[in-house]
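In: Structure, please.
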Amino acid sequence: MPYITKADRLALDTCSLLDKFLERFNQSTPSEGELNYVITKLLLSTNPKRYADFNKLVGVLECCKLEFYRRAVAVYEDKKIKENGDVY
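Out: Okay, the predicted model is just below:
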């Protein structure tokens, strides 16, 4: 996880892309396709030109995936294990 400064977080959390995206879905959840589209457009906006650029972006996605799993999905799964019992 790229732990950035609080000032940088605030600037990014209030940028127009995030605001518009969250505003668009107000009370609903974006579909997988809509989320994929926004992430893809964000990655392409970095203007990758060489294999190294694309490789970096794939690495960013992989790290985001792993961190999201570690910090959000695993916590959810641990909660469900307590509620329903472990399979193992």
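In: what about residue 68, which helix or strand?
Out: helix 51-68 (DSSP states H and E).
In: residues in contact with that helix?
Out: 1, 39, 43, 46-48 (C-beta atoms under 8 Å, 6 or more residues apart in numbering). All C-beta atoms are positioned from the backbone trio N, CA, C, and that covers glycine.
In: helices or strands next to the lowest-mean-pLDDT helix or strand in the chain in the packing?
Out: The helix or strand of the chain with the poorest confidence is helix 16-25; it has a mean of 76 (mean pLDDT, DSSP states H and E). Secondary-structure packing of helix 16-25 (3 or more C-beta pairs under 8 Å, 6 or more residues apart in numbering; DSSP states H and E): helix 32-44.
In: what's the farthest-apart pair in the contacts of helix 51-68?
Out: Maximum pairwise distance in the contacts of helix 51-68, criterion C-beta to C-beta, is 24.5 Å, between 1 and 47.
In: measure residue 9 to residue 35 for me?
Out: Using C-beta to C-beta, to the nearest Å, residue 9 is found at 21 Å from residue 35.
In: Please name the residues that touch residue 47.
Out: Per C-beta under 8 Å, 6+ apart, neighbours of residue 47: residue 53.
In: before we move on, which element is it in?
Out: Using DSSP H and E, no helix or strand contains residue 47.
In: ok, now how distant is the spatially most central residue of the chain from residue 70?
Out: The residue lying closest to the centre of the chain (C-alpha atoms, centre = their mean) is residue 64, at 6.0 Å. Applying C-beta to C-beta, the value for residue 64 to residue 70 is 11 Å.
In: do residue 5 as well
Out: Applying C-beta to C-beta to residue 5 and residue 70 gives a distance of 22 Å.
In: Neighbour count for those two, which is higher?
Out: Neighbour count, other C-beta atoms under 10 Å: between residue 5 and residue 70, residue 70 has more, with 11 against 8.
In: In contact with the more buried one, which residues?
Out: Residue 70 neighbours (C-beta under 8 Å, 6+ apart): none.
In: And it, how far from residue 78?
Out: To residue 78, residue 70 is 11 Å away according to C-beta to C-beta.
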